[in-house]
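Asks: Show me the folded form of this:
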Amino acid sequence: MAQNDIRLEDLPDLARGAALLGAGGGGDPYIGRLIAEQAFAEYGAPTILSPVAVPDDMLICAVAALGATNIQMEKLIAGNELPHAVHVLERYLGKRVGALIPAEIGGSNSLLPLMLGARQALPVIDADGMGRAFPELQMNSFSINGVRAGPLVVVDEHLNTAIIDTPDDTTAEAMTRALAIQMGLRVYLSCFPMTGKQMRETAIHGTLSAALAIGRALGNGNGAVSPVDHLVDVLRDIPTYGHARALFDGKIVDVDRRTARGFSVGSCRLDAIGGGGGNGGSQAVISFQNENLSCDIDGRIVAVTPDLICIVDRETAEPIPTPQLKYGQRVRVVGIRAPERMRTPQALAAFGPAAFGIDATYTPLTCA
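Replies: Presented below is the predicted three-dimensional model:
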């Protein structure tokens, strides 16, 4: 991306694309879009940097919201949480942050850095730590490649603040999650302080660009194919992903969603419409922990984490986050192969099926 080429008018498309890449999670894209639009209108758009343009020694930090995705609708962001979190991190490190990066590309968490970048006149890097969204702090490309989440700063809507500095990210996740539960299950983080060189070697590049391209595709179908099929074609042309296909065509007949252990967890069950889609079958079950983790069709898992499993409206291809799944919705399920850095042996140990207690062997999704 060139400088300043995410404009105010691009934010609806960016939010839609990020919602799809969130695989059901990453926060509510509508709320994220609104706060980014307000910041862009008041302060102007932040500079967008390609990862290769970032100086080796620049201090980068990621920012994100953390908690149960369904709580975001009840606890709206005030706006001053993330500036406070970054300032506290800077004081702790004794160094100024030079640029921001999304911790994940999903939902509102791709838009929070843009809001903060506009407000603080900080550039935002066209990359993130996952190429999707995941529910736990250690489940990202930074962590599996040696960049620690801490020291990190946790802030709630009242600006109650904690600094967590641990030797490993699994401990950091446990401590941050415990704090989040006590703080009302919606907190804001400045985390993963790293150099520009570390960022280039560990981040998933080009994901803001990818989200924007996907969002534009959702609104600009060519009329020759269905919106979902057009979306799949666009995804196959994005180098970061490259492989995507429709998995199931159905109607939601049951949603089991609850808040447990600081996450929104559960499943949704679909009955087939028109033969079930790419794999046929009569019934599909999508399991989620904030994000969609597996797609089971008639007792056989056809897609599983770290690949992206996305539920979209059957007629428009608009992504449907897990908190918005409802009985009676007619949807299609789309699978997208995870970026290469998210499919290494280290990656699969951190966020493959076994990390979520899923009894399945990961096989990368293909187009056919």
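Asks: Can you list the residue ranges for helices in the stretch 251-368 of the chain?
Replies: Taking DSSP state H, counting those that start in this stretch as the criterion, the stretch 251-368 of the chain carries its helices at 345-351.
Asks: what stretches of it score poorly on pLDDT?
Replies: Low-confidence segments of the stretch 251-368 of the chain (pLDDT under 70): 275-280, 368.
Asks: Can you show me the strands along it?
Replies: Secondary structure of the stretch 251-368 of the chain by DSSP state E, counting those that start in this stretch: the strands cover 263-272, 283-289, 291-297, 300-304, 308-313, 330-336.
Asks: just the angle between the fifth one and strand 263-272, please?
Replies: Angle of strand 308-313 versus strand 263-272, following axes from the mean of the first three to the mean of the last three CA atoms, to 10 degrees, is 60 degrees.
Asks: Can I get the strands of the stretch 251-368 of the chain in JSON lines including mean neighbour count?
Replies: All C-beta atoms are positioned from the backbone trio N, CA, C, and that covers glycine. As requested, these are exported to JSON lines (neighbours: other CB atoms under 10 Å):
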{"stretch": "strand 263-272", "mean neighbour count": "21"}
{"stretch": "strand 283-289", "mean neighbour count": "22"}
{"stretch": "strand 291-297", "mean neighbour count": "26"}
{"stretch": "strand 300-304", "mean neighbour count": "20"}
{"stretch": "strand 308-313", "mean neighbour count": "25"}
{"stretch": "strand 330-336", "mean neighbour count": "26"}
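Asks: Could you dump those strands into JSON lines with distance to Glu201 added?
Replies: Compiled in JSON lines, the strands of the stretch 251-368 of the chain are given as follows (distance: least, CB to CB, whole Å):
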{"stretch": "strand 263-272", "distance to Glu201": "30"}
{"stretch": "strand 283-289", "distance to Glu201": "28"}
{"stretch": "strand 291-297", "distance to Glu201": "25"}
{"stretch": "strand 300-304", "distance to Glu201": "27"}
{"stretch": "strand 308-313", "distance to Glu201": "23"}
{"stretch": "strand 330-336", "distance to Glu201": "24"}
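Asks: closest to Ala15 out of those strands?
Replies: Taking CB to CB as the criterion, Ala15 comes closest to strand 308-313 out of the strands of the stretch 251-368 of the chain, the separation being 14.5 Å.
Asks: Would you list the phi and psi of Thr361?
Replies: Backbone dihedrals for Thr361, given as degrees, to the nearest 10, come out at phi -100, psi 130.
Asks: That one: neighbour count?
Replies: A total of 11 residues lie near Thr361 under the criterion other CB atoms under 10 Å.
Asks: Roughly how far does it sit from Val333?
Replies: In this view, Thr361 and Val333 are 20 Å apart by CB to CB, to the nearest Å.
Asks: one step back: which one, of the strands of the stretch 251-368 of the chain, ends up nearest to Thr161?
Replies: Nearest of the strands of the stretch 251-368 of the chain to Thr161, taken as CB to CB: strand 263-272 at 23.0 Å.
Asks: quick check: angle from that closest one to strand 291-297?
Replies: Orientation note: strand 263-272 sits at an angle of 30 degrees relative to strand 291-297 (the same axes, to 10 degrees).
Asks: shift numbering so it begins at 44
Replies: New numbering, starting at 44: the last item is strand 306-315.
Asks: what lines up beside strand 306-315 in the sheet?
Replies: Based on DSSP bridges, the strands next to strand 306-315 in the sheet, each with its direction, are strand 287-303 (antiparallel), strand 326-332 (antiparallel).
Asks: In the longest one, which residues are buried?
Replies: I take that to be strand 287-303. Of the residues in strand 287-303, those scored as buried under the neighbour-count criterion (16 or more other CB atoms under 10 Å) are Ala287, Arg288, Ala289, Leu290, Phe291, Asp292, Gly293, Ile295, Thr302.
Asks: now do stretch 90-98
Replies: Buried residues in stretch 90-98, counted by 16+ other CB under 10 Å: Thr90, Ile91, Leu92, Ser93, Pro94, Ala96, Val97.
Asks: Turn the strands paired with strand 306-315 into TSV, columns for distance to Leu64.
Replies: Putting those into TSV (distance: least, CB to CB, whole Å) gives the following:
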stretch	distance to Leu64
strand 287-303	11
strand 326-332	15
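Asks: Figure out which of these is closest to Leu408.
Replies: strand 287-303 (7.1 Å).
Asks: Report pLDDT for Leu77.
Replies: Looking at Leu77, its pLDDT stands at 94.
Asks: From Tyr135, how far off is it?
Replies: From Leu77 across to Tyr135, the span is 30 Å (CB to CB).
Asks: now do Thr359
Replies: Counting by CB to CB, the separation of Thr359 from Tyr135 is 45 Å.
Asks: got it, and Gly400?
Replies: From Gly400 over to Tyr135 the distance is 35 Å, taken as CB to CB.
Asks: Which residue lies nearest the spatial centre of this structure?
Replies: For the chain, Gly149 is the residue whose C-alpha lies nearest the centre (CA atoms, centre = their mean; 2.3 Å).
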